[in-house]
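# attaching a predicted model along with its sequence, questions to come.
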Amino acid sequence: MAPTSDETPVETTNTNCVVVGGGPAGVVLAYLLARAGTPVTLLEAHRDFDRDFRGDTIHPSTLEALDALGLADKLHALPHGKLRVMRIKTPDSERVMADFGRVRSKFPYVMIMPQARFLDFLAGEAAQYPAFKLVLGANVQRLVAENGAVAGVRYRDGENRWHEVRAPLTVAADGRHSKVRALAGFEPERSSPPMDVMWTHLPKEPGDAADEGTMHVGGGHFVIIFDRGEAWLVGFVYLKGGFQNLRAAGIGELARQLGDVVPAWRERFARHLTDWKQVPVLNVESNRLPVWHKPGLLLIGDAAHVMSPVGGVGINYAIQDAIETANQLAGKLKSGTVNDADLANVQQAREWPVKVIQGVQTAIQERVVAAGLQEGTAFRLPLAVRLLTGMPGLRWIVPKILGWGVRPARVKVG
Ligand SMILES: Cc1cc2nc3c(=O)[nH]c(=O)nc-3n(C[C@H](O)[C@H](O)[C@H](O)COP(=O)(O)OP(=O)(O)OC[C@H]3O[C@@H](n4cnc5c(N)ncnc54)[C@H](O)[C@@H]3O)c2cc1C
């Protein structure tokens with residue numbers, strides 16, 4: 001970890017916590033620490049929060065947490081959509097998969113807001129606290145080691161100059177391809193989801209329904225469509241590895257396949273989909289680190305556990321990690337005394353909710369998604385899904401698991 005001479009930092013700063021990565025986990029953690037008066041520096045590699053589409057969903061449990069912080073009303077004043085009901089449509093049936101009105105919450109819906117808008121909002125709120133420092137364009141490339149512990153990071157700015165930030169705790173919230181995780185020598189345990197997903201947006205048209213989402217299944221594909229406020233968000237789920245063939249066949253072929261699953265929108269897909277740039281691809285992964293920490297370093301969010309997109313819960317779990325971290329560590333970080341046992345406690349609190357939801361996702365992938373992706377076989381919803389969505393006494397379970405999550409952390413700081 002020793003720097004070569006051309007990596008000599010042009011400046012070294014000290015703080016109580018350095019957070020690497022300005023995604024949902026990093027921004028929420030930095031906000032909470034700053035609000036509690038704990039000096040924190042947030043380093044984000046990009047120059048803004050607007051980048052490739054990475055999900056727009058803000059779940060009821062996150063909205064409740066924001067409400068406890070007095071931020072929910074302000075957030076609702078920004079343009080957004082609301083997903084109140086998610087339906088599933090197969091060639092021979094249609095049923096409500098999740099009615100979020102059944103979640104006992106002040107916010108019985110999933111808010112849909114472009115992630116950049118959400119992160120800009122939170123960073124703006126954090127900026128009012130003197131303990132908050134945000135550095136954009138800060139690409140973290142090295143860990144600083146001291147006495148066998150991580151003592152901070154080095155990053156390169158947009159002009160290739162090195163900077164060092166020292167802190168008793170470094171939090172890696174740098175996402176699924178975490179550089180810090182690799183630098184620390186951590187290797188996640190992986191499972192193998194059977195699918196990948198492409199996403200795109202389509203403008204709304206007169207007469208379209210609002211506040212709804214539908215998962216269409218047919219012809220070996222899933223097409224997920226939901227209200228993003230100003231537009232429709234469309235996800236196309238296909239067998240892993242199928243992208244190259246589809247791409248070679250051209251964007252018109254994607255529009256055709258979408259139209260086969262959702263015939264009512266056939267003409268709409270053909271009219272709007274003209275360029276692959278409109279369609280970012282999500283290589284679906286699911287993994288989890290066996291250990292999320294070492295002295296001076298904690299990993300949270302996708303850096304510690306990449307969630308499958310089933311249920312769209314990755315953002316929610318990343319934010320819950322941030323809340324738990326702030327709950328447990330804000331006070332200790334303020335006085336500069338965090339030890340490895342404290343970090344282990346954060347992992348212990350968050351690991352089992354992550355394990356449970358990843359187990360649910362794996363079961364859905366194996367029993368529902370894999371069956372739906374078989375071309376040429378008639379798709380039938382498994383019995384368990386028919387019971388959960390059909391029996392009145394059980395209909396609360398799916399929206400509760402998706403919208404509320406497993407043991408969501410409640411804000412206890414600030
Ligand atoms: C196409 C796509 C669609 C998705 N849709 C949904 C959805 O609908 N709902 C949902 O809940 N989840 C969705 N997800 C998953 C969701 O985006 C993640 O679970 C969530 O963003 C994880 O948050 P995070 O803060 O841990 O990491 P990220 O959001 O990945 O943030 C990591 C941040 O770290 C920064 N960074 C990376 N390396 C460095 C470095 N070396 N130095 C400094 N900064 C660095 C990155 O620029 C990024 O801003 C989707 C993901 C993808 C890719």
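Received, thanks.
# could you list the residues of the stretch 301-414 of the chain in contact with the ligand?
Proximity of the stretch 301-414 of the chain to the ligand, by C-beta under 6 Å from any ligand atom, involves residues 301-303, 307, 309, 312-316, 318. C-beta coordinates here come from the backbone N, C-alpha and C atoms, glycine included.
# reformat the residues you listed as CSV; add pLDDT.
Output for these, formatted as CSV (pLDDT from 0 to 100):
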residue, pLDDT
301, 98
302, 96
303, 98
307, 91
309, 86
312, 84
313, 90
314, 93
315, 94
316, 93
318, 97
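# could you pull out the helices for this protein?
24-35, 60-68, 72-76, 115-126, 179-183, 243-249, 251-261, 266-272, 314-334, 340-364, 370-372, 383-390, 397-399 (DSSP state H).
# using PDB, list the CA coordinates for the first one.
This points to helix 24-35. The C-alpha trace of helix 24-35 is given here as PDB (Å, rounded to 0.1, in the frame of the first residue of the first chain):
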ATOM      1  CA  PRO A  24     -27.800   5.500  -1.700                       C
ATOM      2  CA  ALA A  25     -25.700   3.800   1.000                       C
ATOM      3  CA  GLY A  26     -22.900   6.400   1.100                       C
ATOM      4  CA  VAL A  27     -25.000   9.500   0.800                       C
ATOM      5  CA  VAL A  28     -27.500   8.400   3.500                       C
ATOM      6  CA  LEU A  29     -24.600   7.400   5.900                       C
ATOM      7  CA  ALA A  30     -22.800  10.700   5.300                       C
ATOM      8  CA  TYR A  31     -26.000  12.600   5.800                       C
ATOM      9  CA  LEU A  32     -26.800  10.800   9.100                       C
ATOM     10  CA  LEU A  33     -23.300  11.200  10.500                       C
ATOM     11  CA  ALA A  34     -23.100  14.900   9.600                       C
ATOM     12  CA  ARG A  35     -26.500  15.500  11.100                       C
END
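# which of the residues of the stretch 301-414 of the chain next to the ligand sits closest to residue 72?
residue 316 (15.0 Å; C-beta to C-beta).
# what is the neighbour count of the nearest residue to that closest one once chain neighbours are set aside?
Among residues not flanking residue 316 along the chain, residue 59 sits closest, at 4.4 Å (C-beta to C-beta, 6 or more residues apart in numbering). Look at residue 59: counted by other C-beta atoms under 10 Å, it has 29 neighbours.
# same deal with the one 10 residues further on?
When neighbours are defined as other C-beta under 10 Å, residue 69 has 17 of them.
# doesn't residue 35 make contact with it?
Yes. Using C-beta atoms under 8 Å, residue 69 makes contact with residue 35 at a distance of 7.4 Å.
# where does this structure dip in pLDDT?
Where the chain drops to pLDDT under 70, the residues are 1-5, 52.
# what parts of it come near the ligand?
Proximity of the chain to the ligand, by C-beta under 6 Å from any ligand atom, involves residues 20-26, 43-46, 53-57, 138-140, 173-176, 179, 199, 280, 282, 301-303, 307, 309, 312-316, 318.
# which ChimeraX command selects the buried ones in the residues you listed?
For the buried members of the residues of the chain next to the ligand, the matching ChimeraX selection, counting by 16 or more other C-beta atoms under 10 Å, is:
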select :20,21,22,23,24,25,26,43,44,45,54,55,56,57,138,139,140,173,174,175,176,179,199,282,301,302,303,307,309,312,313,314,315,316,318
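# all the strands of the stretch 101-250 of the chain, residue numbers only.
Secondary structure of the stretch 101-250 of the chain, counting by DSSP state E, counting those that start in this stretch: strands at 110-112, 132-136, 139-146, 149-156, 162-166, 169-172, 189-191, 195-203, 212-218, 221-227, 231-239.
# tell me the most buried of the helices of the chain?
Mean neighbours per residue, mean count of other C-beta atoms under 10 Å, is largest over the helices of the chain for helix 24-35, with a mean of 28.
# wouldn't residue 289 be in contact with residue 301 here?
No. Residue 289 is beyond contact range of residue 301, at 11.3 Å (criterion: C-beta under 8 Å).
# where's the nearest residue to residue 378 once chain neighbours are set aside relative to residue 220, distance?
Distance criterion C-beta to C-beta, 6+ apart; nearest residue to residue 378, sequence neighbours excluded, is residue 91 at 7.6 Å. Applying C-beta to C-beta, to the nearest Å, the value for residue 91 to residue 220 is 12 Å.
# tell me which of those two has more neighbours.
For residue 91 versus residue 220, neighbours defined as other C-beta under 10 Å are more numerous around residue 220 (19 against 12).
# what sits against the more buried one?
Neighbour list for residue 220: 238-239, 372-376 [criterion: C-beta atoms under 8 Å, 6 or more residues apart in numbering].
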